[in-house]
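Novice: only the shape, not the letters, is given here:
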Ligand SMILES: Nc1ncnc2c1ncn2[C@@H]1O[C@H](COP(=O)(O)OP(=O)(O)OP(=O)(O)O)[C@@H](O)[C@H]1O
Ligand SMILES: [Mg+2]
């Protein structure tokens, strides 16, 4: 039975910007995502995807509304929510002086994992993400694709039930993206709930079980690929995207 692992309820986020005044980055987003499901968020630049994901990941406090991650409320119990999720963002930092292995192990210790478990997980991740070539090299000397693999590993070292990934394959070559996409699929197959944002339509189509289209801080449309195709009377995701954005404008 599918379990609801993420429930966002009326999330809003307003930023005060010195030049632009109050910005309503997210204006009321609610949705559910389940175990064994990859949910993709698509939307134009500035639509509110990253802000939404940051609220789910307890990095940003919602202005109003809340979300529940694996039973833990992000506003009233952010620490418990954080233990149940892994968050990957574009600017997920790595310590330049640590090797890939040391970096991942360091995060395992931050999550209070036992040394033995950390070692076992590290070996698994090294294989899944094909990292043996550079595993003992310092992070400062890695290519962007290699860094992204280390960042993903540090995000999932504690084996959380919920993964929140902001543009996980952005800037990667075909091979590195494929590795990461495979690891996302394998997380889904293990029953995890993955929420990711992407600008790559083909990736959203191939990878995501359900897709949400965010525009101007609201969820303009949400559903499986075929539900969206039916609703927007097309068989192309790009057309769904354009029509949903148009409707929500
Ligand atoms: N810390 C902040 N202070 C002020 N405004 C912000 C802040 N963070 C985001 N915004 C604004 O909120 C809006 C939504 O930004 P967000 O980063 O969530 O968009 P996005 O959908 O992730 O876009 P992209 O596809 O370009 O990554 C934008 O107008 C952005 O300028
Ligand atoms: Mg973004």
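Specialist: Cool, got the structure. Predicted model only: the values in this text are computed from it and were never measured. Ligands and ions are numbered 1, 2, ... in the order given.
Novice: phi, psi of the residue sitting nearest the centre point of the chain?
Specialist: For the chain, the residue nearest the mean C-alpha position is residue 165 (1.7 Å; CA atoms, centre = their mean). Residue 165 adopts backbone torsions of phi -120, psi 110, taken as degrees, to the nearest 10.
Novice: could you find the closest non-adjacent residue to it?
Specialist: Counting by CB to CB, 6 or more residues apart in numbering, residue 165 lies nearest to residue 196, which is 4.1 Å off, once chain neighbours are set aside. In this view, the C-beta of every residue, glycine as well, is placed from N, C-alpha and C.
Novice: could you do residue 117 as well?
Specialist: Counting by CB to CB, 6+ apart, the residue nearest residue 117 is residue 108, at 7.5 Å.
Novice: the one you found sits in which helix or strand?
Specialist: Using DSSP states H and E, residue 108 sits within helix 100-110.
Novice: give the next helix or strand downstream of that helix.
Specialist: Past helix 100-110, the next helix or strand by DSSP H and E is helix 115-128.
Novice: can you give me the strands in the protein?
Specialist: Using DSSP state E, the strands of the chain run over 4-17, 21-34, 37-42, 64-69, 72-73, 85-88, 162-166, 193-197, 210-215, 218-223.
Novice: how's the chain carved up into domains?
Specialist: 1-84+161-172+180-249, 91-159 (automatic domain parsing).
Novice: which one of the strands of the chain lies closest to residue 247?
Specialist: strand 218-223 (6.2 Å; CB to CB).
Novice: partners of that closest one, with directions?
Specialist: Strand 218-223 has its sheet partners listed here by DSSP bridges as strand 210-215 (antiparallel).
Novice: quick revisit: and the domains of the chain as JSON lines, adding distance to ligand 2 and mean pLDDT?
Specialist: Formatted as JSON lines, the domains of the chain follow (distance: least, CB to the ion, whole Å; pLDDT from 0 to 100):
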{"stretch": "domain 1-84+161-172+180-249", "distance to ligand 2": "3", "mean pLDDT": "95"}
{"stretch": "domain 91-159", "distance to ligand 2": "10", "mean pLDDT": "93"}
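Novice: nearest to ligand 1, of these?
Specialist: domain 1-84+161-172+180-249 (3.2 Å; CB to the nearest ligand atom).
Novice: next one: the closest one to chain centre, how far?
Specialist: Chain-centre distance of domain 1-84+161-172+180-249: 8 Å, with CA atoms, centre = their mean, to the nearest Å.
Novice: use 39 as the first number from now on
Specialist: Noted, 39 is the first residue going forward, which turns the last one into domain 39-122+199-210+218-287.
Novice: any residue of it touching ligand 1?
Specialist: Yes - Domain 39-122+199-210+218-287 is in contact with ligand 1 by CB under 6 Å from any ligand atom, via 53, 55, 61, 63, 81, 83, 84, 85, 86, 87, 88, 89.
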